[in-house]
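# Sequence first, then the predicted structure:
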Amino acid sequence: MSTKEAAELLGVSQDGVLALIDKGVLPAVDGRHPKTNRPMKIVSRLAVTEFSAAYVSLSEGARSSGTSIYAFQREQTRRGIVPAFNTGVVLYRRVDLTAVTP
């Protein structure tokens, strides 16, 4: 799938997806657009599914907790949980968010 499609599935910007690809966190291959033949990055659906199972965006975490992004981020900081990535998109590891802190 294209980086635009991957961004829609992950709930992040296309620039965020490109940053994750550049960091080597989200695997992608070079390919060509089927209509325009322009170079593009192609991300497998499996890679997006696995990435989504491991990470949650700041906005998705806030939405699922019923709070604003600021309140969600403040609460995670209070709990000692820092974002796994903060390059164009803020992502938390799902396992960190579900861990029970004393």
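Sure, I can see it.

# which sections of this structure are below the confidence cut-off?
Applying pLDDT under 70 to the chain picks out residues 99-102.

# now with 80?
By pLDDT under 80, the low-scoring segments of the chain are 86-88, 98-102.

# can you pull out the strands in it?
Assigned by DSSP state E, the chain shows strands spanning 29-32, 39-42, 55-57, 85-86, 90-93.

# Out of the ones you listed, which is closest to residue 1?
Set against residue 1 and scored by CB to CB, the strands of the chain come closest in strand 39-42, at 7.0 Å. Using the backbone N, CA and C atoms, a C-beta is placed for each residue, glycine as well.

# Check which helices and strands the closest one sits against.
strand 29-32 (3 or more CB pairs under 8 Å, 6 or more residues apart in numbering; DSSP states H and E).

# Please enumerate residues in contact with the strand it packs on?
Contact with strand 29-32 is made by 38, 39, 40, 41, 42, as judged by CB atoms under 8 Å, 6 or more residues apart in numbering.

# again with stretch 37-45
For stretch 37-45, contacts defined as CB under 8 Å, 6+ apart pick out 1-3, 5-6, 17-18, 21, 26-33.

# mind running it again at 6 Å?
1, 3, 6, 21, 28, 29, 31, 33 (CB atoms under 6 Å, 6 or more residues apart in numbering).

# how many other residues sit next to the fourth one?
What that stands for is residue 21. Neighbourhood size, residue 21 [other CB atoms under 10 Å]: 18.

# How about residue 65?
13.

# Identify the residues contacting residue 91.
55, 57, 84, 85.

# Distance to residue 47 and neighbour count added to the residues you listed, as a markdown table?
Formatted as a markdown table, the contacts of residue 91 follow (distance: CB to CB, whole Å; neighbours: other CB atoms under 10 Å):
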| residue | distance to residue 47 | neighbour count |
| --- | --- | --- |
| 55 | 12 | 25 |
| 57 | 16 | 21 |
| 84 | 16 | 16 |
| 85 | 15 | 18 |
